[in-house]
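In: model this:
(2 chains)
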Amino acid sequence: MTTQQAKPALQTGQMSAVAIADNFSDLHPPFSTLQAMAESNRCLYCYDAPCVTACPTSIDIPSFIRKISTGNPDGAAKTILSANIMGGTCARACPTEVLCEQACVRNVAEDEAVEIGSLQRYAVDHLMARNLPHPFKRAEATGKKIAVIGAGPAGLSCAHRAAMLGHDVTVFEAKPKPGGLNEYGLAAYKMTNDFAQREVEFLLGIGGITIEYGKALGRDMTLADVKSSFDAVFVGVGLGATNNLGLAGEAASGVDDAIDFIEKLRQASDKSTMPVGNSVVVIGGGNTAIDAAVQAKRLGAEEVTLVYRRGPEHMSATEFEQELAKINGVIVRYWAKPVEIKANGRLMGMVFEKTTLDASGKLAGTGETFEVKTDQVLKAIGQKIKTDDLAGMEIAGGKIVVDENYQTTAAGIFAGGDCIKSGEDLTVQSVEDGKCAAIAIDAFLKNA
Amino acid sequence: MADLSCKIAGIDSLNPFWLASAPPTDKKYNVVRAFQAGWGGVVWKTLGIDPPVVNVSSRYGAHHDQNRRLLGINNIELISDRPLALNLQEIRECRQEWPDHVIIGSMMAPIEERAWKDLAQQIAESGVHGIELNLGCPHGMCERGMGSAIGQVPEMVEQVTRWVKEAVDIPVFTKLTPNITNILWSAEAALKGGADAVSLINTVNSIISVDLDKMVPEPMVDGKGTHGGYCGSAVKPIALNMVAEIARTPETRALEISGIGGITTWKDAAEFMALGANAVQVCTAAMIYGFRVVDDLIDGMSQWMDDQGYSSVEQFTRKAVPQVANWNELNMNFDTKAVIDPDKCIECGRCHIACEDTSHQAIAMNAKPEGGKEFVVIDEECVGCNLCYHICPVPDCITMEPVRTDKPYMTWPQHPLNPMRDAAE
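Out: As a prediction, this is how the structure comes out:
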């Protein structure tokens, strides 16, 4: 009798490397000059434009689009970057369908918004490709030193604006690379060609910013240490922990956090070396769940099932993202919650109980269950702040409490990004937080 | 379907759409293609006395809108650079092969009687229906004493028209240049010289653009540029006024008019005819899109005529002329106000900012309690300038509504605030 070697749970090679490379090319290919000219001329150049109001960073969208249409794309890029230094990432990753493009007046008359995101990418890419000197100048040196904790969108945006205002900035980053979720968290097909790193390099061109890698709050330093060596501190640590299902067997091999899966995938220079299950189950209803499900499918997983405990209208993933999952062949099952992990040395399946809303409108199990055979479960049921390292400041509702000036309850310590409650947990909101916090810190230091 | 046939200077044409004297009518090959496409006639590219001129390379400059649509072209090409005998032979062939289609011979010559008369007779012998005198080219030929150098002097316009009228017994069209102070002077001169019709406008003298890298006007000929003749839809308003002036002025209204100047659509053509043109000539639209544009000219005008109940083009030709007035004849008591339809408004804010910054601060932008904005005309401030109506991107969202008034028709000469008011009033 010959023993057949058990196939490893996670594999590579379900799909050819060429197909995978194609699957991870740009989700929205960049505009050609002809496309940019045609699309920019669709903009009506509104006054007091609703798209500007809808943008968390208030980019002067009609002005930058007009500059594209007059053959001044670099000027357009400066308009964008002066409001949002990460306009390149936002152009790629923003859910524009619920932000600027949702507000476009062209929706009213023609049901077809101007493609603001693609135009923004065209302008910023044009400027960055030219390798010109950094477009912004630093104010006269103030002699003040600011510490930024976390080199994600909030931290880097804060660092850039603070450097512009004449302060010297040191950024402490736990990971070996900068960019935060831009580098580790966004779907690979939204951030091709190492864009997150190229953008950081561009941003650092302002000067006056030093990044120290491998420096984690709590592990390598305390907030008090940092505060004692700097005139002000900005905390942009994001959400460092994840929620658990709370089921037995959660530690089984094959049960992973979706953000870890995405991070590994992002860091794989050759996506075909990234192992993936054959039958993948993704649990959750946000954009992270969609990103994980779609990317698993594009890596060659034969069957990907996304299970969400409520209905499509309750998902925090945008309509566009939900549609993306469907057209990529992801099976979406609503109204079911995980109740049991079936493992026998290795992951075998996942049992779900159907859910409904009870008379009081609360989510309740119906008692009816079903099993999905799976060799990889990706949990995307939310992230939360790591509170241990934030002693000395008030935390409420899982977020750092800040006042209207981004000041925490600890004097001289400011915060922004996903770790505070400002708007949606989006790159664009983090950039706005960082920028506004830097301006607030500048005022704080001047009054000190 | 409406009958588009027309008659100008005694010449019957299948339709009022002719190709103007220009590169598209340079040779038989093009002209045959034009007739196949449906053009009623052509004015052959201007013929001169042999030896033929020599043209430069790099001949057209362009005025684009931001969508790279051509609003206008300027050219520095001269007249036909082919031997006269070859052109005349091809004209003869076209006349034989396309007997129902009109061919007009365009010509220019130095300001000498013999030159004009000899050339006109040679062209007439080729069988053309008429001769058009090119007194308009504002580039190149004028430096040799021809083209606009003649057209800008009314006495010369009269003289050459008379010479050609004396030399041939076919209709003569005198083509006028717009590069003058008053079109009526040259129109009247053509009439005195015996012209059967005037053709206008020729191209407008222009520099169309500058290459900012090379610091050279375009079109660029080995590092230099020169002024050229501007044409295309951008010149239509200039041409319409000149046509209307000739059609409404008692001294010139007897002239028949072949209208030219940026005609691109059937509507343009209808406007020229309503203001005085008996037929029209087209060039730039064909250069941009090909001869097939005539299909829309024919079809669009027929549809419109059917809708309006016109059965022949004569029924609307010059129909708008009586309504062209001097400013001093306008009613000062007329009042019109902008009205914004909130259901059509897409809240772009363009009307507000245009009025606020550049007009009369007559459109308020208010936040709506339920979100969004509303734009409201402040009647007391609105002078009825039409600016908002023109810039609004949504058709029929802003309309101009005349205000009912019991006030009498009152012109500026009668107006109490006019210090020069006739004491008798």
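
In: Going by C-alpha atoms from here, please, whenever you check contacts or count neighbours.
Out: Fine.

In: ok, then the element right after the top helix by length along chain B?
Out: Longest helix of chain B, by residue count under DSSP state H: helix B:293-308. Later in the chain than helix B:293-308, the nearest helix or strand by DSSP states H and E is strand B:336-340.

In: Strand partners (parallel or antiparallel) of that following strand?
Out: Within its sheet, strand B:336-340 is paired with strand B:398-402 (antiparallel), according to DSSP bridges.

In: hey, C-alpha coordinates of the partner strand in CSV?
Out: Taking Å, rounded to 0.1, in the frame of the first residue of the first chain, the C-alpha atoms of strand B:398-402 are listed here in CSV:
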residue,chain,number,x,y,z
ILE,B,398,-32.1,78.9,-17.7
THR,B,399,-34.5,80.8,-19.9
MET,B,400,-34.9,84.4,-20.6
GLU,B,401,-38.4,85.6,-20.1
PRO,B,402,-39.6,89.0,-21.4
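
In: ok, and what's touching it?
Out: B:334-341, B:384, B:386, B:388-389, B:392 (Cα atoms under 8 Å, 6 or more residues apart in numbering or on different chains).

In: Can you pull the poorly scored residue ranges out of chain A?
Out: A:1-8 (pLDDT under 70).

In: Just the buried ones out of the contacts of strand B:398-402, please.
Out: Neighbour-count burial (16 or more other Cα atoms under 10 Å in any protein chain shown) applied to these gives B:335-340, B:384, B:388-389, B:392.

In: Closest to A:Ala109 out of the contacts of strand B:398-402?
Out: Here the nearest of these to A:Ala109, counting by Cα to Cα, is B:Cys392; it sits at 12.5 Å.

In: Just give the nearest non-adjacent residue to that closest one, would you?
Out: B:Cys351 (6.3 Å; Cα to Cα, 6 or more residues apart in numbering or on different chains).

In: Figure out how far whichever strand or helix holds that neighbour is from the centre of its chain.
Out: Using DSSP H and E, B:Cys351 sits within helix B:350-358. Put simply, helix B:350-358 sits 32 Å off its chain's centre (Cα atoms, centre = their mean, to the nearest Å).

In: which outside residues touch stretch B:41-56?
Out: By Cα under 8 Å, 6+ apart, stretch B:41-56 touches B:13, B:17-27, B:31, B:35, B:77-84, B:87, B:101-109, B:115, B:119, B:132, B:134, B:221.

In: what comes up buried for that stretch?
Out: Those would be B:41-49, B:53, for stretch B:41-56 by 16+ other Cα under 10 Å.

In: I'd like those residues laid out as JSON lines, including distance to A:Gly166 and pLDDT.
Out: Formatted as JSON lines, the buried residues of stretch B:41-56 follow (distance: Cα to Cα, whole Å; pLDDT from 0 to 100):
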{"residue": "B:Gly41", "distance to A:Gly166": "73", "pLDDT": "98"}
{"residue": "B:Val42", "distance to A:Gly166": "72", "pLDDT": "98"}
{"residue": "B:Val43", "distance to A:Gly166": "71", "pLDDT": "98"}
{"residue": "B:Trp44", "distance to A:Gly166": "72", "pLDDT": "98"}
{"residue": "B:Lys45", "distance to A:Gly166": "69", "pLDDT": "98"}
{"residue": "B:Thr46", "distance to A:Gly166": "70", "pLDDT": "97"}
{"residue": "B:Leu47", "distance to A:Gly166": "73", "pLDDT": "98"}
{"residue": "B:Gly48", "distance to A:Gly166": "73", "pLDDT": "97"}
{"residue": "B:Ile49", "distance to A:Gly166": "76", "pLDDT": "96"}
{"residue": "B:Val53", "distance to A:Gly166": "68", "pLDDT": "96"}
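
In: Show me the domain layout of chain A.
Out: A:29-129, A:145-240+A:387-447, A:242-383 (automatic domain parsing).

In: Can you say which of these is nearest to A:Leu10?
Out: Closest among the domains of chain A, using Cα to Cα: domain A:242-383, at 4.5 Å.

In: now do the same end-to-end measure for the closest one.
Out: 4 Å (Cα to Cα, to the nearest Å).

In: swap in stretch B:33-41?
Out: Where stretch B:33-41 begins and where it ends lie 12 Å apart, using Cα to Cα.
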